[in-house]
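Undergrad: got a structure for you, letters missing:
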């Protein structure tokens, strides 16, 4: 399967600051990437679909101005949590979809965000 | 709008087969059954998927009933490293989106 990395693996920040999380597809070019978040003891919730070279598509209830997504290249998508607050503390996970007939999704290892 | 129903948890003995059930009674003709698992504090891992035929790979077997309203994931020889949350997901193969339900927390015991 595809190799997907995320950086950082964990981050602690103060309330009001912005945090950028990177998702990289290491062994193929991904036109589509996904961002999920997972609160403790809950399942993954899709936040947005990131398409290379175009605006991301956000799921209902996800604030696009708070969670900025940039997919500027075929191997990199970034999620920026702006003006983070304690309620944004969560596990953020990206995934990539190879496309071209392969409908699997390959997930990154996740980024643990803690906002103090 | 969960499309699947799974038991919340199950235990199994190391070395024995683990049979994980999933109900998807409203599945439509062009929807596949996907299984992923998530080991604690890691990203989900793809296991297997199928449409109507039984499938097998190096990780598991997937048995889908003839009416496609339910399926069973079989881990043939469970190990301690198979302890994870297992998600059964129904998805249209033209749609990349995955909707995760609560899954089944599987605990493999020595």
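TA: Great, that's in hand. Everything numeric here is computed off the predicted structure, so don't read it as measured data.

Undergrad: Every contact and neighbour count from this point should use C-alpha atoms.
TA: Noted.

Undergrad: Chain B against chain A: which residues are in contact?
TA: Within chain B, the positions lying close to chain A (Cα under 8 Å from any Cα of the partner chain) are B:41-46, B:93-94, B:96, B:98-103.

Undergrad: which of these are buried?
TA: Buried members of the residues of chain B next to chain A, counted by 16 or more other Cα atoms under 10 Å in any protein chain shown: B:42-46, B:93, B:96, B:98-103.

Undergrad: what's the farthest-apart pair in those?
TA: Of all pairs drawn from those, the widest gap by Cα to Cα lies between B:42 and B:93 and measures 25.1 Å.

Undergrad: what's the helix or strand for the spatially most central residue of chain A?
TA: Most central in chain A under Cα atoms, centre = their mean is residue A:35, positioned 3.5 Å from the mean C-alpha point. Secondary structure assigned from DSSP states H and E places residue A:35 in strand A:32-38.

Undergrad: name the helices or strands packed onto the helix or strand following that strand?
TA: If you walk from strand A:32-38 toward the C-terminus, the next helix or strand you reach (DSSP H and E) is strand A:45-51. Strand A:45-51 sits against strand A:32-38, strand A:57-58, strand A:67-73, with contacts defined as 3 or more Cα pairs under 8 Å, 6 or more residues apart in numbering or on different chains; DSSP states H and E.

Undergrad: tell me which residues of the last one are tucked away?
TA: Yep, that's strand A:67-73 we're talking about. So, applying 16+ other Cα under 10 Å, buried residues of strand A:67-73: A:67, A:68, A:69, A:70, A:71.

Undergrad: pretty sure the fourth one contacts residue A:81?
TA: Meaning residue A:70. No. Residue A:70 lies out of contact with residue A:81 (Cα atoms under 8 Å); the separation is 11.8 Å.

Undergrad: what residues are shared contacts of the two?
TA: Both residue A:70 and residue A:81 lack any common contacting residue under the criterion Cα atoms under 8 Å, 6 or more residues apart in numbering or on different chains.

Undergrad: what sits against the residue of chain A found nearest chain B?
TA: With Cα to the nearest Cα as the measure, residue A:109 is the residue of chain A nearest to chain B, at 4.5 Å. Residue A:109 sits next to A:4, A:5, A:6, A:9, A:93, B:42, B:43 when contact means Cα under 8 Å, 6+ apart.

Undergrad: Checking it next. Helix, strand or coil?
TA: Reducing the assignment to helix, strand or coil with DSSP: H, G, I helix; E, B strand; the rest coil, the entry for residue A:109 is coil.

Undergrad: Looking at it now. What's its pLDDT?
TA: With respect to pLDDT, residue A:109 has a value of 96.

Undergrad: For it, give me phi and psi.
TA: The phi/psi pair for residue A:109 (degrees, to the nearest 10) reads phi -80, psi -10.

Undergrad: Kindly report the same for the one 3 residues further on.
TA: Dihedral angles phi and psi of residue A:112 (degrees, to the nearest 10) take the values phi -90, psi 110.

Undergrad: residues near the closest residue to residue B:41 other than its chain neighbours, how many?
TA: Leaving aside its sequence neighbours, residue B:41 sits nearest to residue A:110 (Cα to Cα, 6 or more residues apart in numbering or on different chains; 7.6 Å). For residue A:110, the number of neighbouring residues by other Cα atoms under 10 Å in any protein chain shown comes to 29.

Undergrad: May I see the buried residues of stretch A:51-69?
TA: Along stretch A:51-69, the positions that meet the burial threshold by neighbour count (16+ other Cα under 10 Å) are A:51, A:52, A:56, A:58, A:64, A:67, A:68, A:69.

Undergrad: pLDDT wise, what is the last one at?
TA: At residue A:69, the predicted lDDT confidence score is 94.
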